[in-house]
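Chemist: I would like to see how this sequence folds:
(one chain, ligands or ions: 1)
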Amino acid sequence: MSPNHNKNDLADPVSRLTAQASYNVISLPTAKQQLVALTIKNIKIRIRDLAQTMYVLFSPVWMMLILVFLHLSAKGPAHHMSVKALPFLSDDTCVSTTACTYFGYTGLPATDPIITELTGFFTASEPKSVVPKFYTDEAAMTAAYDASPKNFVVGVVFLGPSTNLTTPPTAGGSAADLYQYTILANHTSYSNSEYLNSRFATAQAYVERAAINLRRKASGKPGLSSPLPLKTDPGTVNSGVGRTFISYANFVGLGSSINQDLNPYYVIFCFQAVWVGVLSVLTEEKKKKIRMAMTMMGMHRDPYLISLWLMQNIQNLATCALMVMILFVGKIFTNTNAFIVWLILVLFSFSCTAFGTIASVMVSDPKKSNTASFMILIWTVGSFGLCMALVFGGGKVIDPTTETLLFLLPSVAIGRAISYISNVEAALGGVTFANLSSGPCGKAMWMLTLDAILFTFIAWYLDAIFPGEYGNALPFDFFLRPSYWGFGQYQNAAEILPNNLQRPTNTVDSAGAANAKEHSDMFEQVDITHIPIEDRSIISARGIRKVYTTGPGWAYSVPLYGLFVRLFYPPKSERKTGPFAGYQRQEVVKGLDLEVHKNEILGFLGHNGAGKTTSLSIIMGMVKPSAGSVVVNGHLMPGSDAAGGRKIDMRTLTEVQKQMGVCPQHDVLFETLSAWETVQLYATIKGVKVLGRTNAGSTGSPSTGSQSSQQLLDEYLDHLLEDVYLKEKKHERVATFSGGMKRKLSVALAFLGDPKVVLLDEPTTGMDVFTRKQVWQLMQDSKAGRAILLTTHSMEEADALGDRIAILSDGQLQTMGSSLFLKNRFGLGYRLSLEKRRVMLTDQRHAAQQKQNHYNNNLEIQATSTMDEVNTVLFDEERTTAIIQQHFPDATIDVNTATDITYVLPTTGTVEQRNGRSAQEYIQDKKAALPGLFAHLDSEIAANRLGVKSVGLSLTTLEEVFVSLQEQEEAEKLAKEEAENNSNDSK
Ligand SMILES: Nc1ncnc2c1ncn2[C@@H]1O[C@H](COP(=O)(O)OP(=O)(O)OP(=O)(O)O)[C@@H](O)[C@H]1O
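Modeler: Now for the predicted structure:
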């Protein structure tokens, strides 16, 4: 007895009503309920898988801490000093050279000697023509700057004419000696270390030198030359001021340098955990086919993705808050508004969530997610690095449109924003809401919002059109079709199904008939007159084919492998040499015709790799057939030939999935959920509603009137678990279940919500004999009202459950019919078992007497000794065999032991033996010979002439049928190959 059952569980399993029989259940899935259920599931899994959650939540925070350590360790007395050249006013400073104001001024007339001096310096030093431009007042000058900041380099407000400069200074100095002016330069575009690039210092050097010269000239001294190198002698540096001007701005602490240069890269780097988190969940659930199973249960892809993104993005809010906390506590940022930094990080994290989803489209294997994650890292950090090197670097002022376009890359937008904040912080400033629009941060935030939306859309779109190995690829224009959004009357091509796909109205099974055309005696012609037309062909597959294209080993490492193979598949079907060697086209399902009617279980048998799972996946709508059509309960499945390129309503699959229950070959369960949580989750995905108890189920049960719908649902789910004998274990986690228990839970899920079509792929694998029998009982009891397609390797199971059995070999149906038909048609025939008579001889005298008696009767005596007794077997093998062969000339002995002997009575016969009669006629003849044989044996046994105690007759087993069919297939294959070889040799 299985240790997992208690006494109650085992009490009379046969008479117990199943959940299906006890409750009226319907399925009405809604996206909202699915979203809630999936989000709760995600939260539970995250909480229970603490290691992974901690990694996703805290690794960005930890990385941020490292930045703080780096920052702290770089602080202190160590400063570096660099010498920077003083730039010219006309060094690449304007977007438009012609419309550029290199030097604007106001406050004194154009004829003022100071302007004359300056014009002389510009002519002597500046590489381009720099004409000082007069403005009537400061407002006019700033208006010109505001109108085109990129075309205005520097402006000087002179606070009066230079009259006090043109007189020699008074001895000891006085207020009248002062000359005041203000320089306006666009410092916001430049970091502190790039202060010189703002041309502030250049303008100052020019003005100071002009003022000095006026004073010198007033004192009769010659004027100094230009403060910048003369064009005629570029190497000259005058009076300590010039190209190698040493600015205080160049004494920059290393910490400050890290802030500016390293921060943006580091922040981008920190977000790796976000895309890794999403990627690992998606690839894992795809690989384990959990997502496929949930889809088959009626899950819409949108709630699935939204719940995942919600979960991740909510987590991102917390992660980003912690990161900001560390940035501010670690004093990397101090003056900037923390909420602005948090918003920038959060907006970027939303894009990272989308990156993870996009990557999951490209790699289907969780093992490859590290590579994919690394590729995203290179892309994000690399794109920002390139932009810094080529576009933003060196304090270049860039065109706003170029900047906006570059901000379409989220990493560039965040990198630029963080870089800007770091620079402003280093200059002891900060970014606040008041000055948000004056730097790139405001634009970066808008663009990060747009990027998050854009990349989320790209992820959502790619996920739909490249669902991976298992999944129904949506058409590329799916989101433009109203039916995807649930608009318009539901329409399915079923209404205009071609005749051959309509429910059959003939009297014999149409698939059988279709197959029978070619091999009339291999397929049973089943009379279906008693099946109402609307109950026929609940599952109907016509001529389905599937060709898989597999690439050479290296191709599997290519992102979007499936697309790659399709695009680059070489024209020759197989290549033996070159880089494309290893490409193969393999037809694994070769024109399969199947019908499963209501109240029927069709056992689907076949050797490993025969194509059972592929056929089942095609019927489920998870794999697109290369050819052929599938109709499930009147719905023509997407991808069917019969659709003839017509756009089937996008809701078809959802409609079918509402009516379908599946138990895939591999358990698709969440290890961290309990059995109860699992059935609850799938019940919500399926939208299971319990309307009440059936008449049968209400016997002896309390009225449902007082119960809420939730209570009824719980009761139903409880019953369902009881049906598979898991009620006692319902609060235990699936991870602690044995293989057989997991299978039982998968079977329960397949029957959840009263599906009209149930597809079971090897449901009892790994179950012990006792459990298997219980599950068989469940299947048998649940058969009413539905069509069940069951693949199995257990002949006993197919024999016990299958109303009809289809045997698939190499992608083709070999035969189909009831178990009896198959045994009659392909079996070894009957097995006649005879128990030999034995006598127990306790004393020698008695033994001798007995022996003598038997010798007198001409009976063979076999003596076998057991312990100290003598067992004597009295059996006349020759006489018995002769009698049997009189009725069945080709009868042979199969097993012969001391106690029993078994004869095989073949019923099929060879072509020669049939002598023109059909196989069916021959079988009938053989059956007719049985009564004669038995009458003959009975009379001989009664006369004590055979030494036979009892006789039993059994039909050949299905296993023997299967083996004999496989042998036949192998023999045919060999013969074909030999014939081909011979014909090649003779050429
Ligand atoms: N995605 C795929 N790409 C390429 N070949 C595939 C793919 N899936 C299945 N095949 C091939 O198709 C053939 C049929 O596989 P399938 O899984 O349908 O067989 P099966 O009858 O269910 O076998 P088993 O009894 O072992 O489960 C096999 O040769 C398999 O290698």
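Chemist: give me every residue that touches the residue of the stretch 301-450 of the chain found nearest the ligand.
Modeler: Across the stretch 301-450 of the chain, the shortest distance to the ligand (CB to the nearest ligand atom) belongs to residue 364, at 10.1 Å. From N, CA and C alone the C-beta is placed, and that goes for glycine too. Shown in contact with residue 364 (CB atoms under 8 Å, 6 or more residues apart in numbering): 283, 286, 287, 468, 469, 561.
Chemist: Assign it to helix, strand or coil.
Modeler: The three-state label given to residue 364 by DSSP: H, G, I helix; E, B strand; the rest coil is coil.
Chemist: do you know how far the residue nearest to residue 372 when sequence neighbours are not counted is from residue 137?
Modeler: The spatial neighbour of residue 372 that comes closest, neighbours along the chain excluded (CB to CB, 6 or more residues apart in numbering), is residue 359 at 4.2 Å. From residue 359 over to residue 137 the distance is 58 Å, taken as CB to CB, to the nearest Å.
Chemist: and the two? which has more neighbours close in?
Modeler: In this view residue 359 and residue 137 are compared by other CB atoms under 10 Å, and residue 359 has more residues nearby, 24 against 11.
Chemist: Do you know the pLDDT at that one?
Modeler: Note on residue 359: pLDDT of 88.
Chemist: picking that back up, restrict the contacts of residue 364 to those near the ligand?
Modeler: Filtering these for proximity to the ligand by CB under 6 Å from any ligand atom leaves residue 469.
Chemist: For the contacts of residue 364, which PyMOL command selects only the ones that are buried?
Modeler: Selecting the buried subset of the contacts of residue 364 in PyMOL, with 16 or more other CB atoms under 10 Å as the burial test, is done by:
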select buried, resi 283+286+287+468+561
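Chemist: would CSV of the contacts of residue 364 with pLDDT, distance to residue 163 and secondary structure be doable?
Modeler: Listed next are the contacts of residue 364 as CSV, based on pLDDT from 0 to 100; distance: CB to CB, whole Å; DSSP: H, G, I helix; E, B strand; the rest coil:
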residue, pLDDT, distance to residue 163, secondary structure
283, 87, 79, helix
286, 83, 83, helix
287, 82, 85, helix
468, 76, 83, coil
469, 72, 87, coil
561, 61, 82, helix
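Chemist: of the contacts of residue 364, closest to residue 741?
Modeler: Closest approach to residue 741 among the contacts of residue 364 (CB to CB): residue 287, at 22.4 Å.
Chemist: For the closest one, which non-adjacent residue is closest in space?
Modeler: Spatial nearest neighbour of residue 287, excluding adjacent residues (CB to CB, 6+ apart): residue 366 at 5.6 Å.
Chemist: The ligand contacts on the stretch 251-400 of the chain?
Modeler: Within the stretch 251-400 of the chain, no position is near the ligand by CB under 6 Å from any ligand atom.
Chemist: Tell me which stretches of the stretch 751-900 of the chain form helices.
Modeler: With helices called from DSSP state H, counting those that start in this stretch, the stretch 751-900 of the chain shows them at 769-782, 795-801, 819-826, 844-856, 877-887.
Chemist: can you tell me which of those helices the model trusts least?
Modeler: Minimum mean pLDDT among these: helix 844-856, a mean of 56.
Chemist: The residue nearest to residue 287 against residue 285, yeah?
Modeler: No: checked against CB atoms under 8 Å, the pair residue 366 and residue 285 is beyond contact range at 9.4 Å.
Chemist: what pairs with the closest residue to the ligand within the stretch 801-950 of the chain across the strands?
Modeler: Relative to the ligand, the nearest point of the stretch 801-950 of the chain is residue 808 (6.8 Å; CB to the nearest ligand atom). Taking DSSP bridges as the rule, residue 808 bridges to residue 606, residue 813.
Chemist: residues contacting it?
Modeler: 592, 604, 605, 606, 610, 611, 612, 615, 814.
Chemist: Find me the pLDDT at residue 155, would you?
Modeler: Per-residue pLDDT puts residue 155 at 93.
Chemist: From the ligand, how far off is it?
Modeler: Distance of residue 155 to the ligand, given as CB to the nearest ligand atom, to the nearest Å: 70 Å.
Chemist: number of nearby residues for that residue?
Modeler: Using other CB under 10 Å, residue 155 has 23 neighbouring residues.
Chemist: So what does it look like in phi/psi?
Modeler: phi -130, psi 140 (degrees, to the nearest 10).
Chemist: Now neighbour count too, for the contacts of residue 808, in JSON lines please.
Modeler: Converted to JSON lines, these look like this (neighbours: other CB atoms under 10 Å):
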{"residue": "592", "neighbour count": "26"}
{"residue": "604", "neighbour count": "30"}
{"residue": "605", "neighbour count": "27"}
{"residue": "606", "neighbour count": "24"}
{"residue": "610", "neighbour count": "22"}
{"residue": "611", "neighbour count": "23"}
{"residue": "612", "neighbour count": "24"}
{"residue": "615", "neighbour count": "29"}
{"residue": "814", "neighbour count": "22"}
